[in-house]
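K.L.:
I would like to see how this sequence folds:
(chains A and B)
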Amino acid sequence: MSFSAGLPIADVVSEVREALASHPLVLLQAPPGAGKSTALPLELLNEPWLAGQKVLVLQPRRVAARAVAARLAAGLGEDVGGTVGYRVRFEARVSAATRLEVVTEGILTRRLQRDPELAGVGLVVLDEFHERSLNADLALALLREVQGALREDLRVLVMSATLDESLPARLGVPFIRSEGRAYPVDVRYLTADPVGRVEDVVAGAVRRALEEHEGDILAFLPGVREIRGALGRLADVNAVVLPLYGDLPVREQGRALLPDPSGRRKVVLATNIAETSLTIQGVRVVVDGGLSRSQVFDPGSGLSRLVTGRVTQDAATQRAGRAGRLGPGVAYRLWSPRTQALLPAARPPEMLEADLAPLTLELAQWGTPDPTTLLWLDAPPAPRVGAARELLTGLNALDDSGRVTPEGARLLEFPTHPRLAHLLSTGANGALAADVAALLEERDPFPVGTGTDLSERVSALRSWRRGEQGRGDVAVLERIERLSKQWRRTRNVPVDNAEPDHLEVGALVALAYPERVALARESTSGLARSGTGRFLLASGQGAALPEGDALAGSRALAVAHLDAGSAGWGQAGGRIFLAAPLDPAVLSTRASWVDAVRWDTRSGTLVAQQERRVGALVLDIRPLRDLPGEQRVEALAAGIRSEGLHLLKFTPEAEQLRARVDSLRHWRPEDSWPDLTDAGLLATLEDWLGPSLTTVRTRDDLARINLLPALQGWLTWPQPQHLDQLAPTHLTVPSGSRVRLEYRPDGQNPILAVKLQELFGLADTPTVNGGRTPVLLHLLSPAGRPVQVTQDLRSFWNSSYFEVRRDLRGRYPKHPWPDDPWTHEPTRFTKKRLT
DNA sequence: CTCTCCCT
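P.N.:
Okay, the predicted model is just below:
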């Protein structure tokens, strides 16, 4: 009997069977509609190599896991929970008879951690692998290690809906390709990229599509704001226009997904939730605005922010495909073919962009403190693993060598991010910890703009549990309670519905986000001490409450959610979305005294004090006695580097010394002269300037330092002697004058500016650098005005001299202008003085 | 001018 009869996948079933018989890992590429998720697993249940063991099918989403299990069970003519079952968080439908188990990603990870041999499982199918979710990549890496070390007979089938040409080679495995089955979709582009807001452009395209085509329309916009805008612009069309996004209450989502009850045409304005997660019935036309919003994680601050960018090519393909499920469809792409060619093929794998703290803890528990040793498709980036380790070490989950501690193992018993697990594991009040962690994990039950105080949410959750009419989205509160209940069970504490102590809430938040405890900032005028709504976080970041927020009067906060701030926000830093007031005593318990020696730019002084600190927050100050010289030098050098070398005042002599040495560096690279350029001096401040800094405290002190001896001291024997020989400060000319040389950058010839009468009789241009470098002569009039620039004195006397003489003799009659400059006595005086 | 989307 064949479960795939009539499906495209039927053509490759025997090929897949044979490949799996002889290879532990096989890659199948099949587009949507081929039957790879809903029929193929049934075809593999009785393979001899499976030896009666189970098949696990991995799905990235719970809704998909349930749906796939239902389809597979129906293929056998059974109900779910018989031969085919599923297991997702909070829900399992499996029995002793179950041989094919559909699971979500987190479930598989937990199962592998509990039983690395996967006893009784013969095949694991990783579906939708093209999405390259962090957990799917992790599952593959762990499964490959299990195959290598414990279970040579375990098979893995990787299934991908889009063709990534590089994937087979990177996996090094047999590759099978199947046709899909979908109706053709006519993809249409604009001739040029549109200008203006995406909601206007999309609304215009929807109007046209309503006139030109039959059937329901699905339009993609980046977010809720744009969806609202487009809704307003389409208020008058002859169709039902409905929004669809993740935050929408389930009942309203249902209206968008099902056909309109009164049979009217439907227009759905959706975020990328409609790309893969939810399927809308009856769609014949897709309008793709071409934008998509996604989260960018900044490992430096541990914060993330939402960024709106262009859709990728594979996402646009997914979106367009939504028009071809019922019959032939149309997809309007609101950009030009030229832009299409420039779109990135796909988003980078989540592994390369996400917060790696959960992954790093999982791997430590797995026994792999160094994640790079596993077989990855894309290895977790080392700097992110480093940041994750730092966080986990701070939570006592890892030891110094990166191995999991008993506390780390305990954190993994709470299925959530290690930060929240730490809150749940160590929070003194277990019932409150469960409520707070659940609120922090789920989306906000309060609407936008209703204050940031987390305690208010705890109150709302508890009054809802008491059965009272209260605030908050009930569907969200239900999800929050489901999480809280699971964690209360793990901690073995009863539910608590009393009014929460707000400061206790803050203390719990501080456990999860230790770097986000914050102190109120003084306003710039220095008058208001609190109430400005602006805070400094222990991480050093600034953050602000929304205008008029009730928490603005707090002296200290524990901030749970904030964004990383954007350029337009200036000094205020990030925006606080969720926080709780914090008892300053909690800060005190975490504080420690540290020596603070630093340059303060505003006052222009060296600050040397002891500070009682929590990260960037200073709770107390006392003077520091006996400042170690090394710290002083370090702090002053850092100050000069941040403000610039202009804090130091170089005399003309010091500048000349720098120019002389610089010239020699160019002329004689083999001699290793020190680098006295601005960049070179800044790089070596501690070495050459350090000895001059022992009593420096202020900007004026810095300006008073005599730099010439400092620079001279930086030269090593016999450089001072060589410097005087090779790059002298002055040259003596035939008149007897000692004339100062002007050394120039980049090894140019130095300038000797001298009155031409002082050189009478001299044929050869003077030189420096041991005779190798002729000076550039600036010949001057008796008044010191330049009349000629030359490096060839001989030819000057023979020709140009006579033109100069003709021009100047009248103006300077008292000075000698001999017919024969070769024989006249060189002089800096007038004729009268000569006779 | 906050709020793409998942998972234990």
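K.L.:
who in the stretch 401-550 of chain A is up against DNA strand B?
P.N.:
Within the stretch 401-550 of chain A, the residues that sit near DNA strand B (C-beta under 7 Å from any atom of the strand) are A:415-417, A:441, A:443-444, A:447-449, A:452, A:546. C-beta here means a position set from N, CA and C on the backbone, and glycine is covered the same way.
K.L.:
Out of the residues you listed, who's the most crowded?
P.N.:
Among these, the one with the most neighbours (other C-beta atoms under 10 Å) is residue A:452, at 27 neighbours.
K.L.:
Would you mind putting the residues of the stretch 401-550 of chain A next to DNA strand B into CSV with pLDDT alongside?
P.N.:
CSV is the format used below for these (pLDDT from 0 to 100):
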residue, pLDDT
A:415, 90
A:416, 93
A:417, 93
A:441, 92
A:443, 87
A:444, 89
A:447, 84
A:448, 80
A:449, 83
A:452, 93
A:546, 89
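K.L.:
pLDDT on stretch A:309-318, on average?
P.N.:
Mean pLDDT, stretch A:309-318: 89.
K.L.:
The closest residue to residue A:816 other than its chain neighbours: neighbouring residues, count only.
P.N.:
Distances taken as C-beta to C-beta, 6 or more residues apart in numbering put residue A:831 closest to residue A:816, at 5.3 Å, once the chain neighbours are dropped. Residue A:831 has 12 neighbouring residues, counting by other C-beta under 10 Å.
K.L.:
Residue A:814 is in contact with residue A:831, correct?
P.N.:
Yes - counting by C-beta atoms under 8 Å, residue A:831 touches residue A:814, with 6.0 Å between them.
K.L.:
just checking, what's the longest helix in chain A?
P.N.:
Counting residues, the longest helix in chain A under DSSP state H turns out to be helix A:474-491.
K.L.:
Touching that one from outside, list them.
P.N.:
The contact list for helix A:474-491 (C-beta atoms under 8 Å, 6 or more residues apart in numbering) reads A:90, A:249-250, A:413-416, A:424, A:430-431, A:433-435, A:437-439, A:441-445, A:460-461, A:464-465, A:494-495.
K.L.:
now, which of those lie within helices?
P.N.:
A:250, A:424, A:430-431, A:433-435, A:437-439, A:441, A:460-461, A:464-465.
K.L.:
ranges for the helices of the stretch 451-600 of chain A?
P.N.:
Along the stretch 451-600 of chain A, the stretches classed as helices by DSSP state H, counting those that start in this stretch are A:454-465, A:474-491, A:502-512, A:584-590.
K.L.:
same for the third one, what does it pack against?
P.N.:
If I follow you right, that is helix A:502-512. Packing partners of helix A:502-512 (3 or more C-beta pairs under 8 Å, 6 or more residues apart in numbering; DSSP states H and E): helix A:418-426, helix A:430-441, helix A:454-465, strand A:556-562, strand A:574-581, helix A:584-590.
K.L.:
Quick one: mean pLDDT for that helix?
P.N.:
For helix A:502-512, the mean pLDDT works out to 95.
K.L.:
what do you get for the first one?
P.N.:
Averaged over helix A:454-465, pLDDT sits at 94.
K.L.:
between that helix and helix A:502-512, how many degrees?
P.N.:
Between helix A:454-465 and helix A:502-512, the angle comes out at 110 degrees (axes from the mean of the first three to the mean of the last three C-alpha atoms, to 10 degrees).
K.L.:
outside of helix A:454-465, which residues touch it?
P.N.:
If you take C-beta under 8 Å, 6+ apart as the criterion, helix A:454-465 is touched by A:432, A:435-436, A:438-440, A:444-446, A:470-472, A:474, A:477, A:480-481, A:484, A:495-500, A:502, A:505, A:509, A:560, A:578-581.
K.L.:
repeat that for 6 Å
P.N.:
With contacts defined as C-beta atoms under 6 Å, 6 or more residues apart in numbering, helix A:454-465 is touched by A:435, A:439, A:470-472, A:477, A:497, A:500, A:502, A:505, A:578, A:580.
K.L.:
helices or strands next to the helix or strand hosting residue A:68 in the packing?
P.N.:
Assigned by DSSP states H and E, residue A:68 belongs to helix A:62-75. Using 3 or more C-beta pairs under 6 Å, 6 or more residues apart in numbering; DSSP states H and E as the contact test, the elements touching helix A:62-75 are strand A:84-88, strand A:100-104.
K.L.:
List the buried residues in it.
P.N.:
Neighbour counts over helix A:62-75 (16 or more other C-beta atoms under 10 Å) mark A:62, A:64-73, A:75 as buried.
K.L.:
Is DNA strand B within reach of it?
P.N.:
Yes - Helix A:62-75 lies within reach of DNA strand B by C-beta under 7 Å from any atom of the strand, at A:62-63.
K.L.:
dump the residue contacts of the closest residue to residue A:758 other than its chain neighbours.
P.N.:
Closest residue to residue A:758 apart from its sequence neighbours, by C-beta to C-beta, 6+ apart: residue A:735 at 3.6 Å. Contact analysis of residue A:735 by C-beta under 6 Å, 6+ apart lists A:758, A:826-828.
K.L.:
Same list, those residues, but as CSV with distance to DNA strand B, pLDDT and secondary structure please.
P.N.:
As requested, the contacts of residue A:735 are arranged in CSV below (distance: C-beta to the nearest atom of the strand, whole Å; pLDDT from 0 to 100; DSSP: H, G, I helix; E, B strand; the rest coil):
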residue, distance to DNA strand B, pLDDT, secondary structure
A:758, 69, 94, helix
A:826, 74, 93, coil
A:827, 75, 91, coil
A:828, 70, 87, coil
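K.L.:
In those residues, find the pair that's most separated.
P.N.:
A:826 and A:828 (8.2 Å; C-beta to C-beta).
K.L.:
How is the residue of the stretch 1-150 of chain A found nearest DNA strand B assigned, secondary-structure-wise?
P.N.:
Residue nearest to DNA strand B within the stretch 1-150 of chain A: residue A:106 (1.9 Å; C-beta to the nearest atom of the strand). Classification of residue A:106 by DSSP: H, G, I helix; E, B strand; the rest coil places it in helix.
K.L.:
Read off the pLDDT value for it.
P.N.:
Listed pLDDT for residue A:106 reads 91.
K.L.:
Run a quick neighbour tally on it.
P.N.:
Using other C-beta under 10 Å, residue A:106 has 15 neighbouring residues.
K.L.:
again, but for residue A:435
P.N.:
As a burial measure, residue A:435 scores 29 neighbours (other C-beta under 10 Å).
K.L.:
and it, what does it touch?
P.N.:
Residue A:435 sits next to A:458, A:461, A:484 when contact means C-beta under 6 Å, 6+ apart.
K.L.:
cool, and residue A:778?
P.N.:
With contacts defined as C-beta under 6 Å, 6+ apart, the neighbours of residue A:778 are A:751, A:753, A:786, A:789.
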